[in-house]
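Novice: This is the structure alone, sequence omitted:
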């Protein structure tokens with residue numbers, strides 16, 4: 001199956017999210033309704049690792065594959081998300097920022113209530129692939145080389161230590177990456193990685209730049225149905241793409257300026 005695949009990007013599932021996470025959160029009721037829609041329409045959620053392995057090696061996929069992914073590691077993924085996923089027998093992928101997960105490695109930078117490692121292990125035991133999302137959730141394409149390697153490798157080490165298995169998949173914080181970032185992710189041992197892009201994933205994007213579509217608090221049932229069917233995605237995210245393009249130009253200018261300054265030091 002080499003056709004396009006919708007990869008859904010979730011963050012927090014919460015009744016009353018804080019201001020920092022509100023826009024990219026969904027209510028428990030909305031998440032349950034969205035998963036029921038996938039089930040009713042015959043979609044089969046698969047893990048990130050399974051999709052990438054299939055596209056890399058030619059293995060089989062179900063007739064209507066979809067990926068359900070969560071970024072950061074918010075507590076509501078266990079409290080509200082796991083029961084719904086388990087009810088339908090759905091696989092998913094959780095990308096954790098290891099410095100935000102409650103426990104020994106917590107750096108204190110998280111935006112809301114996060115999972116702890118026991119909860120991450122419970123998710124891993126229930127068809128949820130655990131992937132990496134950096135250690136402290138920085139804009140990775142803005143990091144110096146040493147810091148970039150630290151963010152990727154420290155994340156992978158911690159997940160491996162806590163779960164007893166090395167994570168195979170990665171997602172770029174904020175969706176930001178560059179050739180240098182993708183090379184660092186690959187060098188650390190991750191076999192595939194997800195961006196954002198707000199488009200369907202396609203094999204030709206390559207295993208380190210697979211695109212996702214954002215599910216927000218404002219995503220209604222009809223819009224969600226259009227997203228998973230690949231209809232009107234460009235129209236839905238036209239404003240996001242314009243903002244992303246403009247911000248990318250600013251970010252590139254910052255990088256050039258930093259390099260110029262460092263070369264004079």
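Specialist: That came in fine, so what should we check first? The model shown is predicted, which means the values in this text are computed figures rather than measured ones.
Novice: residues touching the residue lying closest to residue 171 once chain neighbours are set aside, list them.
Specialist: The spatially closest residue to residue 171, leaving aside those adjacent along the chain, is residue 95, at 4.0 Å (CB to CB, 6 or more residues apart in numbering). (Each C-beta comes from the backbone N, C-alpha and C, glycine too.) Going by CB atoms under 8 Å, 6 or more residues apart in numbering, residue 95 touches 69-73, 131-133, 169-171, 194.
Novice: again, only this time at 7 Å
Specialist: Listed by CB atoms under 7 Å, 6 or more residues apart in numbering, the contact partners of residue 95 are 69-71, 131-133, 171.
Novice: Those in helices, which ones?
Specialist: With DSSP state H as the criterion, helices contain none of the contacts of residue 95.
Novice: pLDDT score for residue 58?
Specialist: pLDDT recorded at residue 58 is 88.
Novice: actually residue 233, not the one I wrote
Specialist: 72.
Novice: Looks like it contacts residue 198 (just checking).
Specialist: Yes. Using CB atoms under 7 Å, residue 233 makes contact with residue 198 at a distance of 6.5 Å.
Novice: which residues do the two both contact?
Specialist: residue 213.
Novice: Out of the contacts of residue 95, grab the one that's most surrounded.
Specialist: Greatest neighbour count in the contacts of residue 95, by other CB atoms under 10 Å, goes to residue 171: 32 neighbours.
Novice: I figured that residue hits residue 194, correct?
Specialist: Yes. Under the criterion of CB under 7 Å, residue 171 makes contact with residue 194 at 4.4 Å.
Novice: any common contacting residues for these two?
Specialist: Counting by CB under 7 Å, 6+ apart, the residues touching both residue 171 and residue 194 are residue 69.
Novice: wouldn't residue 54 be in contact with residue 67 here?
Specialist: No. At 11.7 Å, residue 54 does not count as touching residue 67 under the criterion of CB under 7 Å.
Novice: more crowded one of the two?
Specialist: residue 67 (23 against 18).
Novice: can you tell me which residues contact the more buried one?
Specialist: 5, 7-8, 45-46, 48, 51, 93.
Novice: strands paired with the helix or strand encompassing it, and their directions?
Specialist: In the assignment (DSSP states H and E), residue 67 maps to strand 65-72. If you go by DSSP bridges, strand 65-72 pairs up with strand 7-10 (parallel), strand 44-45 (parallel), strand 92-96 (parallel).
Novice: a markdown table for those strands, including distance to residue 30 and mean pLDDT?
Specialist: Formatted as a markdown table, the strands paired with strand 65-72 follow (distance: least, CB to CB, whole Å; pLDDT from 0 to 100):
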| stretch | distance to residue 30 | mean pLDDT |
| --- | --- | --- |
| strand 7-10 | 10 | 98 |
| strand 44-45 | 17 | 98 |
| strand 92-96 | 16 | 98 |
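Novice: just the strands in this structure please.
Specialist: Ranges of strands within the chain are 7-10, 12-13, 25-26, 44-45, 65-72, 92-96, 128-132, 169-171, 192-197, 210-214, based on DSSP state E.
Novice: any idea which of the ones you listed is most buried?
Specialist: Among those, strand 169-171 has the highest mean neighbour count (mean count of other CB atoms under 10 Å), at a mean of 29.
Novice: returning to that earlier point: closest to residue 77 out of the contacts of residue 95?
Specialist: Lowest distance from residue 77 to the contacts of residue 95 (CB to CB) belongs to residue 70, with 5.0 Å.
Novice: Thank you kindly, that will do.
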